[in-house]
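Chemist: Sequence and predicted structure are below.
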Amino acid sequence: MAIHWFPGHMNSTRSAIHDRMKAGLDVVIEMLDARVPGSSSNPLLASLTEGKPRLKLLNKQDLADPARTALWLDHFNSLPQTRAIGLDASVRAPAKALMDECRQLAPLRGGMDKPLRVLICGIPNVGKSTLINTLMGKRAAKTGDEPGITKIEQKLVLENDFYLFDTPGMLWPRISVEQSGYNLAASGAIGRNAFDEEEVAVELIRYLRGNYAELLEARYKLGELGGLSDAEALELLGRRRGAVQSGGRVNMQKAAEVLVYEFRQAVLGRITLETPAEFLRWEQEAVTKEAEREAAKKERKLRRAGKWKPESLA
């Protein structure tokens, strides 16, 4: 599912990050959703902050599959100039640990004459504001269940020589990895008006059937699903959860809302929608599709100009 969603304040965030880089920056913290670590890692942010040490925070790890979280931590910690830790932003002790991680990433910075300058970024609704409030010990940032709560950059002094620059949540203009679109929508990173909830729920149940079938059965008592399509499985789920209209028809929108909500709240259990190996494969598939799209675009252009030959695309 391709998502095109880039509100004006996200463009402002891009400009703010660019300006912050020019003003001087020592470490970049990227806050990720532990349920979708690859999909929530922003390629636009990577290009804007290229060359800077980075700390990957896998937030909401209490909602994610712990075995898969371990795989993702190993993956990120194997990257150059990168550290990664799991986090539940509501717990003070682990949140405090991020300052020590940042100091290890920039050991030559510190003290009043060389304060550590850290930028914290993430996709919308990843829990960044909750983390900041935990770090500050007070309500320094607004929080909420909908993406896009933070609108302007904030400078926060966590310690006398530790400056944290907070930016609004930012997606990238075009999400080309198809599965990432579904996963970001399922996780709550994308506003409801930007996607079809039933389409996302059908894709979610497809993945859960293949990877967490026992959790689906334990929650919804679906029985044997082998002969059902994913849409039919969602319909059965809706019937089990009482999403039935007059005449016995299942309200598919309501069924979708139930599944997506219960995934987000971990009612089904601790689930992660991707592994490092899966995400790498999806990225490679996206690159191939983009190359095919560009080749087709070039062919159409050459045909219109009367210049097309098979070897033109070589």
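Modeler: Here it is on my side, so go on.
Chemist: For K96, which non-adjacent residue is spatially closest?
Modeler: Beyond its immediate neighbours in the sequence, the residue positioned closest to K96 (Cβ to Cβ, 6 or more residues apart in numbering) is L135, lying 7.1 Å away. The way it works is simple: take the backbone N, C-alpha and C, and place the C-beta from them, glycine included.
Chemist: what's the helix or strand for the one you found?
Modeler: Using DSSP states H and E, L135 sits within helix 128-136.
Chemist: For that helix, enumerate the helices and strands it packs against.
Modeler: Counting contacts by 3 or more Cβ pairs under 8 Å, 6 or more residues apart in numbering; DSSP states H and E, helix 128-136 packs against strand 54-59, helix 92-105, strand 116-122, strand 154-159, strand 162-166.
Chemist: So for the longest one, what gets flagged as buried?
Modeler: When you say that, I think you mean helix 92-105. Judged by neighbour count (16 or more other Cβ atoms under 10 Å), helix 92-105 contains these buried residues: 94-95, 98-99, 101-103, 105.
Chemist: Regarding M170, what is its secondary structure?
Modeler: For M170, the assignment made with DSSP: H, G, I helix; E, B strand; the rest coil gives coil.
Chemist: Quick one: neighbours of the nearest residue to it once chain neighbours are set aside, just the number.
Modeler: Of all residues beyond its chain neighbours, the one nearest M170 is T13 (4.4 Å), with distances taken as Cβ to Cβ, 6+ apart. As a burial measure, T13 scores 24 neighbours (other Cβ atoms under 10 Å).
Chemist: returning to that earlier point: run the angle between the helix holding L135 and strand 54-59 for me.
Modeler: 100 degrees (axes from the mean of the first three to the mean of the last three Cα atoms, to 10 degrees).
Chemist: Including distance to D26 and pLDDT, could the buried residues of helix 92-105 go into JSON lines?
Modeler: Formatted as JSON lines, the entries for the buried residues of helix 92-105 read as follows, by distance: Cβ to Cβ, whole Å; pLDDT from 0 to 100:
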{"residue": "P94", "distance to D26": "22", "pLDDT": "71"}
{"residue": "A95", "distance to D26": "19", "pLDDT": "72"}
{"residue": "L98", "distance to D26": "14", "pLDDT": "86"}
{"residue": "M99", "distance to D26": "12", "pLDDT": "88"}
{"residue": "E101", "distance to D26": "12", "pLDDT": "93"}
{"residue": "C102", "distance to D26": "8", "pLDDT": "94"}
{"residue": "R103", "distance to D26": "10", "pLDDT": "94"}
{"residue": "L105", "distance to D26": "8", "pLDDT": "95"}
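Chemist: Many thanks, have a good one.
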